[in-house]
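Colleague: Kindly generate the corresponding structure for this input.
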Amino acid sequence: MATGGLFSGNSAWTDIHPAKIVVAVFLLAYPTFTSDFFTYQIGAYSLILGMVALSLMMLAGYGGMVSLAQLTVAGFAGYLMAIFGDNSVGVMGLGWPWWLTIPVAILGAAVFSALIGAISVRTEGIYTIMITLAIAVAFFYFVRQNYALFNGFTGYAGVEPPTLFGVYWRAPIPFYYLTLALAAFFFFMVLYGARANFGLSLQAIRDNPRRMHALGYDVTVHRIVAYFMSGIIAGTAGVLLVWFNGRISPGSVGVDVAIDILVIAVVGGMRHPVGPFLGAIAFVLLENFAIDLIDRERFNTVIGLAFLLVVLFSPDGLLGIWSKVRNRIGLNWNARRRNARAERDDGQTAPSFEQ
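Modeller: Residues are numbered from 1 along each chain as shown. Model (predicted):
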């Protein structure tokens, strides 16, 4: 499952690599040398999309289940935040305290994800994709047409994080660090979980479900639990996403943005939890700066071309490209070291003809 090197999946997640320290320091110091736009619209948004894509990577990379409903799960959590918490549209908004609304939203999203899993895990391949896509489409049209609960096309506005310890958590820097902390937490949990008994069992089920069933493993339950766990990640990202936008509407859970999550995961790479975050950064940068070069209407064309290029030339995404570059550099460096060592050894062992 691993790509090796800097992001090696075979090493313990607690291993300290100098490059990892550099990345960690960069992420922590990022808001100190960037503007609010880059901190909030680029940094925080990339981390949120990366978390949603991470939930997909967990299902597809470790479980072999490609779900197009992960953004739907995140959107469901966002709607629960607006319904049970506070909003400014005068519809629903039960006004529950934040310490109750947030767990209910995340747990509700996880249960919703498990229900999606219960429906889709009995199929494989393209059928799983089609079922989850159908659920995403159905949810989009349902929330758009339901005004009693979801406020229809308008959705909900005025959904903001609480002010704790005197900090307004929607301000760019506090929100970035909140998002970074949660993204790092789930990153390491997925990385560690892939080596735990459940993660190893899930990967074995992905590779040979019939053999695992013959060994006594309940394949269906394992897959549904994986959906539940991915729902926790997607649900948390959904809470952050509704805080990020300050609102949620059917457009937030549209089919186009649901497919964007798949593109992010594939472009970044599904063989390691860092892949979705790399894909999210690339996607957000293109989304914000490609329109300076092309029309906004043609942005999806650029994304589609990037997706095709990655699939054709690097099936492992950006991680695959990094792995090839690392291997090439490493092989050249190792070859030079071997040649230098061989020349030195030849010089030391060469016979002397001096009298």
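Colleague: if you go through the stretch 201-350 of the chain in chain order, where are the helices?
Modeller: 209-214, 219-245, 255-268, 274-289, 299-313, 317-349 (DSSP state H, counting those that start in this stretch).
Colleague: where's residue 108 relative to residue 68, distance?
Modeller: When distance is defined by Cβ to Cβ, to the nearest Å, residue 108 is 20 Å away from residue 68. (Each C-beta comes from the backbone N, C-alpha and C, glycine too.)
Colleague: One more: residue 94?
Modeller: From residue 94 to residue 68 the distance is 31 Å (Cβ to Cβ).
Colleague: higher neighbour count, the two?
Modeller: Applying other Cβ atoms under 10 Å to residue 94 and residue 68 shows that residue 68 carries more neighbours, namely 22 against 11.
Colleague: Surely that one is in contact with residue 257?
Modeller: No: with contact defined as Cβ atoms under 8 Å, residue 68 does not reach residue 257; the gap is 10.8 Å.
Colleague: Run a quick neighbour tally on residue 64.
Modeller: For residue 64, the count of nearby residues is 18 (other Cβ under 10 Å).
Colleague: what sits against it?
Modeller: Contacts here follow Cβ atoms under 8 Å, 6 or more residues apart in numbering; on that basis residue 64 touches 124, 205, 206, 207.
Colleague: switch the cut-off to 7 Å
Modeller: residue 206 (Cβ atoms under 7 Å, 6 or more residues apart in numbering).
Colleague: Relative to residue 36, how far out is it?
Modeller: 41 Å.
Colleague: what ranges of the stretch 1-150 of the chain fall below the confidence cut-off?
Modeller: 1-16 (pLDDT under 70).
Colleague: for it, what spans make up the helices?
Modeller: For the stretch 1-150 of the chain, the helices defined by DSSP H, counting those that start in this stretch cover 18-29, 36-37, 45-57, 63, 70-84, 98-120, 126-145.
Colleague: Distance to residue 321 and mean neighbour count added to those, as a markdown table?
Modeller: Formatted as a markdown table, these follow (distance: least, Cβ to Cβ, whole Å; neighbours: other Cβ atoms under 10 Å):
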| stretch | distance to residue 321 | mean neighbour count |
| --- | --- | --- |
| helix 18-29 | 16 | 11 |
| helix 36-37 | 28 | 12 |
| helix 45-57 | 17 | 29 |
| helix 63 | 25 | 24 |
| helix 70-84 | 24 | 29 |
| helix 98-120 | 31 | 20 |
| helix 126-145 | 25 | 18 |
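Colleague: could those go into CSV alongside distance to residue 308?
Modeller: Formatted as CSV, the helices of the stretch 1-150 of the chain follow (distance: least, Cβ to Cβ, whole Å):
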stretch, distance to residue 308
helix 18-29, 29
helix 36-37, 30
helix 45-57, 18
helix 63, 25
helix 70-84, 21
helix 98-120, 26
helix 126-145, 18
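Colleague: out of these, which comes closest to residue 319?
Modeller: helix 45-57 (10.7 Å; Cβ to Cβ).
Colleague: CA atoms of that closest one as CSV?
Modeller: Output in CSV follows, covering the C-alpha atoms of helix 45-57 (Å, rounded to 0.1, in the frame of the first residue of the first chain):
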residue,chain,number,x,y,z
TYR,A,45,-10.1,25.2,2.4
SER,A,46,-7.4,22.7,1.1
LEU,A,47,-7.3,21.0,4.5
ILE,A,48,-11.1,20.7,4.6
LEU,A,49,-11.4,19.2,1.1
GLY,A,50,-8.4,17.0,1.9
MET,A,51,-10.3,15.6,4.9
VAL,A,52,-13.3,14.7,2.7
ALA,A,53,-11.0,13.1,0.2
LEU,A,54,-9.3,11.3,3.0
SER,A,55,-12.5,9.6,3.9
LEU,A,56,-12.8,8.5,0.3
MET,A,57,-9.2,7.4,0.2
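Colleague: Show me what that helix is in contact with.
Modeller: Helix 45-57 is contacted by residues 67, 70-71, 74, 179-180, 183, 186-187, 190, 230, 233-234, 236-237, 240-241, 244, 261-262, 264-265, 268, 270, 273, 275-277, 279-281, 283-284 when judged by Cβ under 7 Å, 6+ apart.
Colleague: picking up where we left off before, please identify the most buried of the helices of the stretch 201-350 of the chain.
Modeller: helix 219-245 (a mean of 24; mean count of other Cβ atoms under 10 Å).
Colleague: pLDDT averaged over that one - what is it?
Modeller: Averaged across helix 219-245, the pLDDT comes to 97.
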